[in-house]
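structure, please.
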Amino acid sequence: MSAAERDVLDVGQIMRAHGLKGQVSVDLWTDRKERVAPGMVLLTERGPLTVVETIGHQQRFLVKFKEIPDRTVADRWRGVVLRAERLALDGVLWIDQLFGAEVYTADGILRGRVVEVEENPASDLLVLDGGHLVPLTFVTSVVANARVDIDPPEGLFE
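Model prediction:
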């Protein structure tokens with residue numbers, strides 16, 4: 001399914017219950033912390049969850065959802081994936097828009113197709129079907145799931 005066809009994105013996962021009052025530990029898979037802001041509604045295979053309160057805690061978030069009243073119920077939500085509607089943000093590149101796209105250099109040479117995006121501290125990397133790695137910093141334009149134009153330094157493909 002192409003990025004344009006996806007209404008919602010996987011944004012995190014409930015890891016485990018925390019405490020006795022229904023809080024859960026959430027592993028957020030996005031850098032958009034507003035996904036767990038109070039009032040946000042997250043979608044799951046079991047129905048929507050409404051965020052009541054969120055606290056940052058050791059690379060994760062402790063979240064109280066309106067629909068999870070206590071620890072017994074919270075235990076049953078372990079492993080559930082959280083989804084949210086795509087945010088309409090100008091200038092934002094969504095990773096799922098890159099998969100399957102053909103990658104062309106500024107001189108019009110096809111360098112491969114994106115098969116994976118690898119996390120890297122300096123810059124995430126496009127992994128091409130031929131094995132080349134291209135830092136996202138060299139991406140100049142994207143047509144979702146179709147074409148990625150890059151302007152790499154000399155020697156990247158040697």
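
residue contacts, Asp129?
Going by CB atoms under 8 Å, 6 or more residues apart in numbering, Asp129 touches Gly112, Arg113, Val114, Val115. The way it works is simple: take the backbone N, C-alpha and C, and place the C-beta from them, glycine included.

try Leu62
The contact partners of Leu62, taken as CB under 8 Å, 6+ apart, are His18, Gly19, Gln23, Val24, Ser25, Val26, Thr54, Ile55, Gly56.

in this structure, which spans are strands?
8-18, 23-28, 41-42, 49-57, 60-65, 81-85, 102-105, 110-118, 125-128, 133-135, 139-143, 147-150 (DSSP state E).

pretty sure Asp75 sits against His18.
No: the pair Asp75 / His18 is not scored as a contact, 10.6 Å apart, by CB atoms under 8 Å.

now the residue nearest the centre of the chain, nearest residue through space, not along the chain?
Centroid-nearest residue in the chain: Thr30, 4.7 Å away (criterion: CA atoms, centre = their mean). In space, and not counting its chain neighbours, Thr30 is closest to Val11: 4.9 Å by CB to CB, 6 or more residues apart in numbering.

for that neighbour, give its distance to Val24.
14 Å (CB to CB, to the nearest Å).

more neighbours, these two?
For Val11 and Val24, the more surrounded residue by other CB atoms under 10 Å is Val24, and the numbers stand at 26 against 21.

ok so, going back, who has more neighbours out of Asp75 and His18?
Shown here are Asp75 and His18; by other CB under 10 Å, His18 has more neighbours (19 against 12).

residue contacts, that one?
By CB under 8 Å, 6+ apart, the contact set of His18 is Val24, Ser25, His57, Leu62, Ala74.

again, but for Val11
With CB under 8 Å, 6+ apart, Val11 has these contacts: Leu28, Trp29, Thr30, Arg32, Arg35, Leu42, Leu82, Arg83, Ala84.

drop anything exposed from those.
Listed as buried from the contacts of Val11 are Leu28, Thr30, Arg35, Leu42, Leu82, Arg83, Ala84; burial here means 16 or more other CB atoms under 10 Å.

next, the residue nearest to the centre of the chain: phi, psi?
phi -130, psi 160 (degrees, to the nearest 10).

so what's it scoring on pLDDT?
Per-residue confidence (pLDDT) for Thr30: 84.

pretty sure it contacts Gly12?
Yes: Thr30 lies in contact with Gly12 (CB under 8 Å); the separation is 7.1 Å.

list the contacts for Arg86?
Arg86 makes contacts with Arg6, Asp7, Val8, Leu9, Trp94, as judged by CB under 8 Å, 6+ apart.
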